[in-house]
Each structure stands twice: as C-alpha cells, then as structure tokens.
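*Asks:* Quick check, what structure comes out for this input:
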Amino acid sequence: MEGWVQTGQTTPEVAPVDAPAPPPTIAPAAASAETAALASPAADAVAPAASPAAAPVAVPTTALSSVDPVPVPLAPAAPALAAAKAKPAPTRMAASTVDAPVFGATRADGSSAASQNDLEAVPVSAATVATRSGWLDRLKTGLRKTGSSITTVFTGAQIDDALYEDLETALLMADAGVQATEFLLADLKRRVKDTRATDATQVKALLQDAIADMLAPLEKPLTVGVYHPTVIMVAGVNGAGKTTSIGKLTKHLADAGATVLLAAADTFRAAAREQLAVWADRNQVEIVSQQGADPSAVSFDAVAAGRARDLDVVLVDTAGRLPTQKHLMEELTKIRRVVTKADITAPHEVLLVIDGNTGQNALAQVKAFDDSVQLTGLIVTKLDGTAKGGVLCAIAREKPVPVYFVGVGERLEDLQTFRAREFAQALVG
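*Replies:* Next up, the predicted model:
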C-alpha cells in the first residue's frame, strides 16, 4: 500500500560495467559474516520465506563499486538488474509518504527536507485515495458514539454559557480529560470572539479547528530506511492488538518494498509464536522464534540477523503486560537494553499499542510505558464503535507521544496513518 511510511535507501554494489549482472538472489544464511552474527541458539530458528517478484524500477545511480566485482545479494523487493551499461543500479526501497515531505526531497514551502539521503517520491495512486476515503468513512462511523453526544450540544443551541456547560460535559464523557477540556473551551471561546460567530453551527466548526490544532503535534509519519535495519519494538497491555497490528504493518511495509524480519519475543502467551508465524507466512517474510527462549535473547538474535542480512526492518513483538506488573515492566526494559547491545543505535522506534475503548486508562498506559522504555509512537486500535475517542485529546495535552497509526477494524486496510484534521472531523461529527 502506498503512502504509508517515509523511507530512506542506499545504493548496493553492482557487477563491472563490461559484463551483465546476474539476477538478484536471497542468501538467508550463506555468508560467513551472517553465520558469526547468528551464532546464538535462538537464531537457528530463522525461517526464510519465499519473496514475491517486484516490478523493475529505474532509479538514478549515486555510486558504483570498482573494488569488488562480486554482485551483492539484494533484498527480495529490489528490482532485477540488467546490464550495467544500459541500466542504473536498483534501490533497496522507494520512499513513500502520505502527506508529509520525504527525506531528501523538497517541502511544499520550498525548503529542503531533513536528510540528505537520495530518495524517490512515489505518487499516491487513485486506489490509495479511494481506500483512504473508505477508511475515513469507517472512522466517522466508529466514532459516532463519541461524536453524537458532542453534536447534540449544538442542535438548536444559542451561543451562551449553557452551550459551553453542555459542551464541557460532552467532552468529559468522551474521555477528553479535565486538562484538555478546559483548554479546548478556553480556546473555543477565544475563537468565537475573534471570528464574531453568531450561530451554533459556526461554533461547531470552530471546535473542529481547535481539536485539530490540539492533535496536530501527534501527527507524524513513521520513518523507515535511515538505519539498516530499522528496529521497531512493539509493546502494550494484554489484548490491545499488538500482534495483529504488527502483521498489518508488516504487510504494508512489504508492499512498499521493505525487507522485514519478525522477532517472536512474546514467549509467554500461548500460541503467540504461532500467530506471528502465520503473519510471517502470509507476508512472505522471515521470523526468529524459539520455544521457551528468553525474550531478550530472541530480540538480540533478530537484530543480529537483520544486520547480517542487511534487512530494512526488524519488528520485535513483546508479550502483553499491565503497567502494574513491575517484574514484567522490568523485563521490557531489559529487552530494550539488550537490543541496544545488538545495535548501538537501536531500537529506533518503540511503539505502544493502545485500545481506543479504554479511555483515560490509555493515558495512564502511555505514561507508564514511556517511563520504562521511552516511547516514540503510538498505534491506537479498536476505534470502530468506541464512545471514548476523546482520549487522544488528553494524550495530546498531557503526554504528547506521536500517533503513527489508527485502526478501525480487522482488515488490513483498516489500519491507516493518523491525521489530526480527519480525526477532529470524525470526533465532532
């Protein structure tokens, strides 16, 4: 699926220009460097899977090697090579983003993006736009329980103190929280005064603007490709949807051309490894898994395997745990520490999956997990039918951790990137 992530790329070495290069191959464990990196017992459980062929893509070459004439094995998503005289070198991944600037490109205002990586922007197709439109309709439907109570406030109302009191009650019932509610009401009154609004419909539109501005700091795209591999650690409480979200994210990353390795570090829940293995098989990606192994050891071996194979992404699935379970939170901290030993720059992303139905409890989870593992982003699931969608306002006000993705169903396309304006419109109705 296009338009999901921001990606960085590097240009692999190719054969000399005087001879055609053979087709790319995958070498799961043949290289001696990999053998040394995967010496740990848990790494023996790496199960390579066949990768689908990708359509050839021509990308400008930035550098060619004249030292080593042996062609480098490419990731499964890399395009096939023709003769070097006629074809430029392929890329590992293509850059894609929904509405944020890609690294190495130019923003709409003319300024350059944050990185100097050589990237190519993939345009958003009509199919992607249609999928997004359908998802937005499902988001509005899912948040109808939340939005209906807020919309009712403006029905036949006058702009007076009674309107603001009713709106305060509706926001609190939507689990926006006291701090966010007070801030929104003060901001709304200022906007009404500045615009000299005289109708309740105008006030409703101004409320959408106020919520969108409050949620704007949470809107941030997930960046993949700056590091190889980009290590993404996923945590959350029991039943929040971690493994399912990882499976969906893997699908979209693989479709974007990324090579992905899954780490089954949830060694506690029954059938957790088997569930992740099903997703690995569906998406034709590799998985590191071992029965009864220590979660930290599995994570270490997965990162080592990702580095040895020069993969794009390593996704680490951890066991569900409550913030009140101190020993399990300490285990999560240990996993993060051990991953750093495997790669000094890792983990590059630490995502928390939260259930949108938990309301204010989700804010408590964000605070607790951030204290333990320093969160970099959130995935909010199960927003299809919740009356507590206002909790994102509380998170934005009290613990502004970026929201990368929002889920409104079980289908792959039901997990999409978060946009503040869309969410505000769906929330208010």
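
*Asks:* I figured residue 188 hits residue 203, correct?
*Replies:* Yes. Using CB atoms under 8 Å, residue 188 is in contact with residue 203, at 7.1 Å. Where you see a C-beta, it was placed from the backbone N, CA and C, and this is true even at glycine.

*Asks:* three-state assignment of residue 365?
*Replies:* helix (DSSP: H, G, I helix; E, B strand; the rest coil).

*Asks:* What residues does it make contact with?
*Replies:* 236-237, 323, 352, 354, 358 (CB atoms under 8 Å, 6 or more residues apart in numbering).

*Asks:* quick one: pLDDT of it?
*Replies:* Listed pLDDT for residue 365 reads 93.

*Asks:* again with residue 242
*Replies:* Predicted confidence (pLDDT) for residue 242: 89.

*Asks:* so it makes contact with residue 315?
*Replies:* No. With contact defined as CB under 8 Å, residue 242 does not count as touching residue 315 (10.4 Å).

*Asks:* These two - which one has more neighbours?
*Replies:* The neighbour comparison of residue 242 against residue 315 (other CB atoms under 10 Å) goes to residue 315, with 30 against 26.

*Asks:* Dig out what residue 378 forms beta bridges with.
*Replies:* Beta-bridge partners for residue 378, by DSSP bridges, are residue 352, residue 403.

*Asks:* right, and residue 237 touches residue 321 too?
*Replies:* Yes. Counting by CB under 8 Å, residue 237 touches residue 321, with 6.6 Å between them.

*Asks:* coming back round to it: may I ask which of the contacts of residue 365 has the most neighbours?
*Replies:* Going by other CB under 10 Å, residue 354 tops the contacts of residue 365 with 27 neighbours.

*Asks:* tell me what the host helix or strand of residue 297 is packed against?
*Replies:* Residue 297 belongs to helix 295-309 when assigned by DSSP states H and E. On a contact count with 3 or more CB pairs under 8 Å, 6 or more residues apart in numbering; DSSP states H and E, helix 295-309 meets helix 32-37, strand 230-236, strand 260-265, strand 286-288, strand 313-318, helix 326-342.

*Asks:* if we go to 7 Å?
*Replies:* Under the contact criterion of 3 or more CB pairs under 7 Å, 6 or more residues apart in numbering; DSSP states H and E, helix 295-309 touches helix 32-37, strand 260-265, strand 286-288, strand 313-318, helix 326-342.

*Asks:* Any buried residues in the longest one, and which?
*Replies:* Right, helix 326-342. 328-329, 331-332, 335-336, 338-339, 342 (16 or more other CB atoms under 10 Å).

*Asks:* out of the helices and strands packed on helix 295-309, nearest to residue 157?
*Replies:* helix 326-342 (46.2 Å; CB to CB).

*Asks:* That closest one vs strand 313-318, what angle?
*Replies:* For helix 326-342 against strand 313-318, the angle by axes from the mean of the first three to the mean of the last three CA atoms, to 10 degrees is 160 degrees.

*Asks:* Convert the C-alpha atoms of helix 326-342 to CSV, please.
*Replies:* Only the C-alpha atoms of helix 326-342 are listed here, as CSV (Å, rounded to 0.1, in the frame of the first residue of the first chain):
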residue,chain,number,x,y,z
LYS,A,326,6.6,-4.4,37.9
HIS,A,327,8.6,-7.5,37.1
LEU,A,328,7.2,-7.6,33.6
MET,A,329,7.9,-4.0,33.0
GLU,A,330,11.5,-4.6,34.1
GLU,A,331,11.6,-7.4,31.6
LEU,A,332,10.5,-5.0,28.9
THR,A,333,13.3,-2.6,30.0
LYS,A,334,15.8,-5.4,29.7
ILE,A,335,14.7,-6.2,26.2
ARG,A,336,15.3,-2.7,25.2
ARG,A,337,18.7,-2.7,26.8
VAL,A,338,19.7,-6.0,25.1
VAL,A,339,18.5,-4.7,21.7
THR,A,340,20.9,-1.7,22.2
LYS,A,341,23.7,-4.2,22.7
ALA,A,342,23.0,-5.8,19.4
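
*Asks:* overlap in contacts of residue 242 and residue 315?
*Replies:* Common neighbours of residue 242 and residue 315 (criterion: CB atoms under 7 Å, 6 or more residues apart in numbering): residue 234.

*Asks:* so where do the strands sit in this protein?
*Replies:* 6-7, 223-224, 230-236, 260-265, 286-288, 313-318, 349-355, 377-381, 403-407, 415-417 (DSSP state E).

*Asks:* Dump the ones you listed into CSV; add mean pLDDT and distance to residue 365 as well.
*Replies:* Formatted as CSV, the strands of the chain follow (pLDDT from 0 to 100; distance: least, CB to CB, whole Å):
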stretch, mean pLDDT, distance to residue 365
strand 6-7, 54, 26
strand 223-224, 88, 24
strand 230-236, 94, 8
strand 260-265, 92, 19
strand 286-288, 91, 27
strand 313-318, 94, 14
strand 349-355, 94, 6
strand 377-381, 93, 10
strand 403-407, 92, 14
strand 415-417, 87, 19
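
*Asks:* So for residue 428, which of those strands sits nearest?
*Replies:* The nearest among those, by CB to CB, is strand 403-407 at 16.1 Å.

*Asks:* Between strand 377-381 and that closest one, find me the angle.
*Replies:* Going by the same axes, to 10 degrees, strand 403-407 makes 10 degrees with strand 377-381.
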